[in-house]
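Student: coords please:
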Amino acid sequence: MTPPPPHLSQDGEAAWLRVKRHLEWCDGFALCFIFTAHAAVIRLFRERLADIYRARLTRLEIALPQQPDGLFGKILPELLRPPVHKAALQAPYWLDLSSELGEDWREARITFLLRLNERREALRRSLGCPLVLILPAAEFVATKRLAPDLWSIRHFSLTTENWLAPTRPQVATAPPPERPAAPAEISSDYDLSLIGEWERLRGKDAMDRGIFLAGQRAYQVYDQLRRHQQAGEIAARLLDFCRQQIERLGETPQSLRDLSISLNQVGETAQALGQLEAARQAYEESLGLDRKIIERLGETPQSLRDLSISLNKVGETAQALGQLEAARQAYQESLGLRRKIIERLGETPQSLRDLSVVLKKIHELD
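Tutor: Now for the predicted structure:
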């Protein structure tokens with residue numbers, strides 16, 4: 001019998017969620033340190049992160065040269081002068097230097113950190129995405145001493161523990177009866193800090209985008225805990241903020257995307273609360289913004305997928321409201337977009353799953 005694959009313990013899942021949230025909320029450059037002596041835990045983190053960015057039609061940039069001198073001949077120049085096509089994707093740069101591969105690698109790792117420390121400002125100006133540095137746990141103190149300038153601009157740091165859950169024999173059991181999911185309480189200190197930061201900023205008159213990002217983080221906390229009323233209140237507040245930003249700054253790509261995100265969140269909470277007509281209106285306005293972004297910026301894989309997702313949401317609410325022909329039209333357009341993505345990028349696991357989802361929705365209407 002094949003043993004089940006390794007998975008994270010409860011503490012490991014909490015740590016993974018922290019890493020995931022930090023990286024997803026990074027708006028441009030961020031420096032992230034992970035110190036570890038647990039290769040299997042880091043492997044699970046990396047695989048999960050790679051799956052997330054593969055689903056977004058980009059990829060996690062995983063870099064490790066074959067020889068130590070590749071850190072200086074390839075990796076360092078790429079970090080300080082990233083290619084334009086990579087800088088545009090903004091996927092994290094994952095550099096795992098935690099393996100003990102010999103004295104040559106240890107010396108190269110130390111020299112690499114020293115050079116990055118010297119070029120801190122150049123790194124921060126040039127690299128428009130998060131850099132995740134994975135280093136040996138035993139070098140935690142030495143890293144702070146050797147690279148104080150780097151350490152001072154870190155976005156977050158984490159030291160792993162043995163977060164693999166014990167494997168158990170897989171026994172087939174009947175699934176328990178389904179129950180309505182009840183809202184969960186906020187028990188994580190980290191989640192409480194995110195809510196507290198939003199509460200601190202929400203009453204300010206400032207129009208800094210940091211308020212929007214803080215609201216997004218608080219929204220995600222409430223949404224994941226199925227506390228839809230509180231999530232909806234934040235979504236409505238952020239929607240007003242985004243409309244004011246457009247009045248003040250005009251329709252920039254960033255302001256349009258922020259508005260589209262807020263409208264989708266208003267729709268999601270309305271749908272969760274059974275307010276289907278309100279959800280439909282929010283989704284249709286978001287859909288219009290997705291079309292406008294494509295008109296202005298062109299058909300990128302991400303913009304096509306965003307449009308397809310919005311069409312699915314419009315289709316779902318139309319179907320729930322009994323408007324079957326409108327639902328069919330939305331799903332058919334979404335199907336065409338997902339086929340176009342496959343033609344351009346090939347059959348990735350995510351693109352095939354996306355295609356399957358739309359085909360299933362169309363089949364439900366037949």
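Student: State the distance from Gly73 to Pro65.
Tutor: 8 Å (CB to CB, to the nearest Å). Placement of C-beta: from N, CA and C, glycine included.
Student: for the nearest residue to Ile211 once chain neighbours are set aside, helix, strand, or coil?
Tutor: Among residues not flanking Ile211 along the chain, Leu201 sits closest, at 5.0 Å (CB to CB, 6 or more residues apart in numbering). Classification of Leu201 using DSSP: H, G, I helix; E, B strand; the rest coil returns helix.
Student: Now do Leu201 against Ala214, distance only.
Tutor: 5 Å.
Student: Now do the contacts for the residue nearest to Ile211.
Tutor: By CB atoms under 8 Å, 6 or more residues apart in numbering, the residues touching Leu201 are Gly210, Ile211, Ala214, Gly215.
Student: picking up where we left off before, Gly73 and Pro65 - which one has more neighbours?
Tutor: Neighbours were tallied for Gly73 and for Pro65 using other CB atoms under 10 Å; the higher tally belongs to Pro65 (14 against 10).
Student: and the residue lying closest to the more buried one once chain neighbours are set aside, what pLDDT?
Tutor: Distance criterion CB to CB, 6+ apart; nearest residue to Pro65, sequence neighbours excluded, is Lys74 at 5.6 Å. Predicted confidence (pLDDT) for Lys74: 87.
Student: go on, Ile42?
Tutor: 90.
Student: next one: Gln323
Tutor: For Gln323, the model assigns a pLDDT of 90.
Student: What's the local residue count around it?
Tutor: Counted with other CB under 10 Å, residues neighbouring Gln323 total 16.
Student: Check Asp189 too.
Tutor: By other CB under 10 Å, neighbour count at Asp189 equals 7.
Student: Contacts only, for it.
Tutor: Contacts of Asp189 (CB under 8 Å, 6+ apart): none.
Student: go on, Leu150?
Tutor: Here Leu150 is in contact with Leu31, Leu113, Leu116, Asn117, Arg120 (CB under 8 Å, 6+ apart).
Student: That one and Gln66: what is the separation?
Tutor: For Leu150, the distance to Gln66 equals 25 Å [CB to CB].
Student: what does the model give Ala39 for pLDDT?
Tutor: pLDDT at Ala39 comes out at 87.
Student: Any chance of the backbone angles for it?
Tutor: For Ala39, the backbone dihedrals (degrees, to the nearest 10) come out as phi -60, psi -40.
Student: show me the contacts for it.
Tutor: Ser98, Ser99.
Student: follow-up on the earlier one: could you pick out the buried ones from the contacts of Leu201?
Tutor: In the contacts of Leu201, burial by neighbour count holds for Ile211, Ala214, Gly215, counting by 16 or more other CB atoms under 10 Å.
Student: Can you tell me which of these lies closest to Glu285?
Tutor: Proximity of the buried ones among the contacts of Leu201 to Glu285 (CB to CB) peaks at Gly215, which lies at 18.7 Å.
Student: part of a helix, is that closest one?
Tutor: Yes: assessed with three-state DSSP, Gly215 lies in a helix.
Student: Got phi/psi on the residue lying closest to Leu31 once chain neighbours are set aside?
Tutor: With sequence-adjacent residues excluded and distances taken as CB to CB, 6+ apart, Leu31 is closest to Arg154, at 4.9 Å. The phi and psi values for Arg154, taken as degrees, to the nearest 10, are phi -60, psi 140.
Student: Is it correct that Arg154 is in contact with Phe35?
Tutor: No: look at Arg154 against Phe35 with CB atoms under 8 Å: they stay out of range, at 11.7 Å.
Student: Comparing those two, which residue is more hemmed in?
Tutor: In this view Arg154 and Phe35 are compared by other CB under 10 Å, and Phe35 has more residues nearby, 19 against 15.
Student: Correct me if wrong, but the more buried one is in a helix.
Tutor: No: note on Phe35: no helix contains this position according to three-state DSSP, which reports strand.
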